[in-house]
Structure formats: C-alpha cells, structure tokens
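# Have a look at this prediction, sequence included:
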Amino acid sequence: MLQLKDMVAETTDILDIVNEEHMLSNREFNLEVRLRLSRVNLTKSTLRAKLLEVELGHPAKEYLHIVRGLSADIERCKREVKQIQIDILTAVENERQVLYNANIEEMVAVLSSGSTVSPES
C-alpha cells in the first residue's frame with residue numbers, strides 16, 4: 001500500500017511539473033489524466049479502509065483470503081498508476097517532437113531563403 005501511495009504522489013508531482021512548465025497543451029488529455037488519478041485515489045482510499053477493517057480482527061483463514069484479494073486490487077491500481085505515468089511522459093515527448101520539428105522547419109526555411117541570421121547582442 002505504501003508503494004502505491006508513493007507512486008500516486010510521484011505521478012501527481014510529474015503532472016504538476018508538466019503543467020507548471022506548460023509542456024501539455026491538450027486540456028482534454030490533462031483533465032482525463034486528472035480524472036484517472038482521482039479514481040485511483042478513491043480506490044486507494046477504499047482499499048486502505050478495507051485493510052483497516054481487516055486488521056481489526058478476523059480469523060486467520062478469513063484474514064488471508066481477504067488480504068490476498070486486496071493485494072490483487074492494489075497491484076491493479078499500481079499498474080493503472082504506471083500506465084498514467086507512461087501516458088503523461090509519452091504526451092510530453094510528442095509535444096517536444098512537434099516543437100523540435102517546428103524549429104527545424106524554421107531553420108531550414110531561413111537557410112534556404114538565403115537570409116543571414118545575425119547574432120543577437
């Protein structure tokens with residue numbers, strides 16, 4: 001559960017940094033990612049509540065059965081968080097590539113027009 005908490009915090013930090021640096025221009029994508037993170041946080045809270053209930057006293061056999069199920073749910077949640085991270089980082093790289101291509105096209109256009117670029121002072 002602690003690992004899931006850390007992963008969610010890391011993903012939230014990544015998204016905040018990306019937004020602060022204006023690296024994601026697609027508002028809909030940004031909202032979809034925030035929605036997915038909110039759902040993960042709800043699931044995380046629900047799982048934590050279930051773990052607290054289990055720790056309050058169940059017979060050993062029942063306890064193990066419940067904890068196995070919760071562990072599987074936690075793993076699914078961690079996979080979703082990892083996928084969110086991948087989606088964010090992929091979107092950022094796609095936007096960077098667009099910027100790099102635009103810069104390249106601009107430089108090629110300047111060079112092919114025969115114009116000289118004077119260094120700025």
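Perfect, I can see it now.

# What distance do you get for residue 73 to residue 26?
Distance of residue 73 to residue 26, given as Cβ to Cβ, to the nearest Å: 30 Å. Where C-beta positions appear, they are placed from N, C-alpha and C, glycine not excepted.

# Check residue 80 too.
Counting by Cβ to Cβ, the gap from residue 80 to residue 26 is 20 Å.

# Looking at the two, which is more packed in?
residue 80 (19 against 12; other Cβ atoms under 10 Å).

# burial of the closest residue to the more buried one other than its chain neighbours, as a residue count?
Spatial nearest neighbour of residue 80, chain neighbours left out: residue 40 (5.8 Å); criterion: Cβ to Cβ, 6 or more residues apart in numbering. Using other Cβ under 10 Å, residue 40 has 20 other residues around it.

# So which bits of the regular element (helix or strand) spanning residue 40 are buried?
Using DSSP states H and E, residue 40 sits in helix 27-55. For helix 27-55, the neighbour count (16 or more other Cβ atoms under 10 Å) marks 30, 33, 36-37, 40, 43-44, 47, 51, 54 as buried.

# Take these and lay them out in CSV including pLDDT and distance to residue 18.
Shown next, in CSV, are these (pLDDT from 0 to 100; distance: Cβ to Cβ, whole Å):
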residue, pLDDT, distance to residue 18
30, 94, 9
33, 97, 9
36, 97, 15
37, 97, 13
40, 97, 17
43, 96, 23
44, 95, 21
47, 93, 27
51, 85, 31
54, 78, 37
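
# show me the contacts for the residue most central in space within the chain.
Nearest to the geometric centre of the chain sits residue 85, at 3.0 Å (Cα atoms, centre = their mean). For residue 85, the contact set (Cβ atoms under 8 Å, 6 or more residues apart in numbering) comprises 7, 10-11, 14.

# again, only this time at 7 Å
By Cβ atoms under 7 Å, 6 or more residues apart in numbering, the contact set of residue 85 is 11, 14.

# Please identify the helix or strand for it.
According to DSSP H and E, residue 85 maps onto helix 60-112.

# Tell me how far residue 64 lies from residue 40.
Relative to residue 40, and taking Cβ to Cβ, residue 64 is found at 26 Å.
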